[in-house]
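In: this one's structure only:
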């Protein structure tokens, strides 16, 4: 289309200049002739002025159009460049694959800045400004750089500097095929990964952290994990392999500064030993919802006081069913629709306005729950409610039912990524449509976003930071009914970040050596300490 546009523009420009030349050439003859006919002369002059004015306007439009096309081509080239650059992807609503910096690349960068930083003594540090620098130095003996093996069933948490993943599962037959793993020392004879990995967003390096204490190494698949504060990792539940054989109902807490695990036994009405549950923090309380022990599925709700570890059971679906008569079951089915009491697992629960909204999840028969009607637990009344959502305006559809997905809440929207559902007739697992859905929590209206996930997975790990940047790691990729686990890390920006964060990211993109420079030197350059401390 652009070629035809340029041909048309060239022809029009030629006509304009030819008209002007002819007008100048015949102007003398026309003047003498028109002196005899003054009235006719005035009409012709008026028409000529109008013609010239229109020709000039057309010429200006052509010039502006050419400038616009040139600008569009430049923007497209810049966009392609930013897409190819895995750290420069600051465009909104567009996935970028983050590639880990290899050890050889890091050694090259460090060698290049040795001369620059050689005049600084090793004794220079930020001790007077940041006592936590010493903690990072002490951790250096407990880390091992590499790349996590592909896995599923793990969990991820993050802040503005780092992402941590804990646990995971991968059949041994798949562990030998890992093109992205440059570290062959990390080989397990077990399909379970009792590992804590940390990824720094600015150095782009994975670190395998050596933890001690009461490590929950037998419950590393389909557990529930949250980051409480800035340095406390809380883990509940999970299973070993075979699934459902090893279960736990204790809280395991890891101090991310000291890398020490500690087991805490809950008091009062303890939760059932479960996996596939949801764990959330609201103020000084933890909420545990749903889950399974591989035999029973439940819709139970437990509230735990973080300070006292006192657990209170707010809802027990198993007890309701076991103690119900025939009349009671009829009443319960009217109060709790859509097989709610039969429970679910690997659902997603999001907190909003003193309510816990439930999205999807797996049923006991292998099917998945829909997204049209959402179970909502009201924290104030301590009762379940069921709300209806509204379909997408353009397509008049809802998200496909699914389980093993992830949900991230950013501002007033809840975004849904990946997942799968089971075709019960053919007994086949099927991935959901490759797009992102989001729910407006204000009006409960679904919106289908035409954003394709480069590697559509389920059983992946996902998290987001305060800047609205979502990270998705690993999971199971289904292609032509063949399931393969991956260890890819993708990111997407779903909220406009702060200008200072944009500048800091662009600075690292253009000058990657900066993350390996002496921190005292970076301070002398005028870089705020709040950004320097993010480099780990």
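Out: Everything's here; your move. The shown structure was predicted, so the numbers you read here are calculated from the model rather than taken from an experiment. Numbers count the residues shown, from 1 in each chain.
In: if I look at the closest residue to residue 265 other than its chain neighbours, how far off is residue 216?
Out: Leaving aside its chain neighbours, residue 265 sits nearest to residue 250 (5.7 Å; criterion: CB to CB, 6 or more residues apart in numbering). The C-beta positions use only the backbone N, C-alpha and C, and glycine is treated the same way. Residue 250 is 8 Å from residue 216, where distance means CB to CB, to the nearest Å.
In: got any residues that touch both of those two?
Out: Shared contacts of residue 250 and residue 216 (CB atoms under 8 Å, 6 or more residues apart in numbering): residue 263.
In: Name the residue in these two with the higher neighbour count.
Out: Between residue 250 and residue 216, counting by other CB atoms under 10 Å, residue 216 is the more crowded of the two (22 against 17).
In: Confirm that that one sits in a strand.
Out: No: looking at residue 216 with DSSP: H, G, I helix; E, B strand; the rest coil, it is coil, so not inside a strand.
In: Need phi/psi at it.
Out: Note on residue 216: backbone dihedrals following degrees, to the nearest 10 are phi -80, psi 60.
In: Let's see the pLDDT reported for it.
Out: Residue 216 carries a pLDDT value of 95.
In: check contacts around it.
Out: 194, 223, 235, 238, 248, 252, 261, 263.
In: Please indicate which of those has the highest neighbour count?
Out: residue 238 (28 neighbours).
In: Distance check, that residue against residue 528.
Out: Here residue 238 is placed at a distance of 39 Å from residue 528 (CB to CB).
In: cool, and residue 336?
Out: Distance from residue 336 to residue 528, by CB to CB: 53 Å.
In: Specify which residue of the two has the higher count of neighbours.
Out: When residue 336 and residue 528 are compared for neighbours, residue 336 comes out ahead with 17 against 11, by other CB under 10 Å.
In: show me the contacts for that one.
Out: 384, 386.
In: ok, now which ones touch the nearest residue to residue 231 once chain neighbours are set aside?
Out: Spatial nearest neighbour of residue 231, chain neighbours left out: residue 256 (4.4 Å); criterion: CB to CB, 6+ apart. If a contact means CB under 8 Å, 6+ apart, then residue 256 has 164, 231, 232, 233 as its contacts.
In: my guess is the third one contacts residue 253, does it?
Out: Pointing back at residue 232 there. Yes: assessed by CB atoms under 8 Å, residue 232 is found in contact with residue 253 at 6.1 Å.
In: Helices along the stretch 201-350 of the chain, start to end?
Out: Per DSSP state H, counting those that start in this stretch, the stretch 201-350 of the chain carries helices over the ranges 317-323, 326-335.
In: Show me what the first one packs onto, helices and strands only.
Out: The one in question is helix 317-323. Here helix 317-323 is seen to pack against strand 297-305, helix 326-335 when contacts are counted using 3 or more CB pairs under 8 Å, 6 or more residues apart in numbering; DSSP states H and E.
In: quick one: which of these is nearest residue 441?
Out: strand 297-305 (20.2 Å; CB to CB).
In: Next, the buried residues of that closest one.
Out: 297, 298, 299, 300, 301, 302, 303, 304 (16 or more other CB atoms under 10 Å).
In: same question, stretch 302-322
Out: 302-304, 306, 311, 313-318, 320-321.
In: try stretch 372-385
Out: Residues 374, 375, 376, 377, 379, 384 are the ones in stretch 372-385 that count as buried (16+ other CB under 10 Å).
In: ok, of the residues you listed, which one's closest to residue 401?
Out: Nearest to residue 401 among the buried residues of stretch 372-385: residue 374, at 12.2 Å, using CB to CB.
In: close enough to count as contact, that closest one and residue 358?
Out: Yes: contact criterion CB under 8 Å: residue 374 and residue 358 qualify, at 6.0 Å.
In: just so I know, which of the helices of the stretch 201-350 of the chain lies nearest residue 273?
Out: helix 317-323 (13.0 Å).
In: State the mean pLDDT of that closest one.
Out: For helix 317-323, mean pLDDT is 91.
In: Which residue lies nearest the spatial centre of this structure?
Out: The structure's the chain has its C-alpha centroid closest to residue 470; by CA atoms, centre = their mean the separation is 2.2 Å.
In: Just the pLDDT at that residue, thanks.
Out: Note for residue 470: predicted pLDDT of 96.
In: cool, residue 462 as well?
Out: 97.
In: ok, back up a step: from the contacts of residue 256, which one has the minimum pLDDT?
Out: For the contacts of residue 256, the pLDDT minimum is residue 231, 92.
In: Residue 160 versus that one, what's the distance?
Out: As judged by CB to CB, residue 231 and residue 160 stand 13 Å apart.
In: and if you look at residue 502?
Out: Taken as CB to CB, the span from residue 502 to residue 160 is 13 Å.
In: now swap in residue 290 and tell me
Out: Remark: distance between residue 290 and residue 160 (CB to CB) = 30 Å.
In: and these two? which has more neighbours close in?
Out: More crowded of residue 290 and residue 160, by other CB under 10 Å: residue 290, with 25 against 15.
In: so how far does stretch 92-109 reach from one end to the other?
Out: End-to-end distance for stretch 92-109, by CA to CA, to the nearest Å: 30 Å.
In: Stretch 255-264 too?
Out: End to end - CA to CA - stretch 255-264 spans 13 Å.
In: Give me the average confidence score over that stretch.
Out: Here the average pLDDT along stretch 255-264 is 96.
In: Just checking the distance from that stretch to the centre of its chain.
Out: Here stretch 255-264 is found 26 Å from its chain centre; the criterion is CA atoms, centre = their mean, to the nearest Å.
In: Going by residue numbers, what spans are strands in the stretch 101-250 of the chain?
Out: For the stretch 101-250 of the chain, the strands defined by DSSP state E, counting those that start in this stretch occupy 143-146, 155-158, 162-166, 196-200, 205-209, 212-213, 224-228, 232-236.
In: so can I have JSON lines of those strands showing distance to residue 415?
Out: Supplementary listing: the strands of the stretch 101-250 of the chain in JSON lines, determined by distance: least, CB to CB, whole Å:
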{"stretch": "strand 143-146", "distance to residue 415": "30"}
{"stretch": "strand 155-158", "distance to residue 415": "15"}
{"stretch": "strand 162-166", "distance to residue 415": "17"}
{"stretch": "strand 196-200", "distance to residue 415": "21"}
{"stretch": "strand 205-209", "distance to residue 415": "25"}
{"stretch": "strand 212-213", "distance to residue 415": "35"}
{"stretch": "strand 224-228", "distance to residue 415": "18"}
{"stretch": "strand 232-236", "distance to residue 415": "23"}
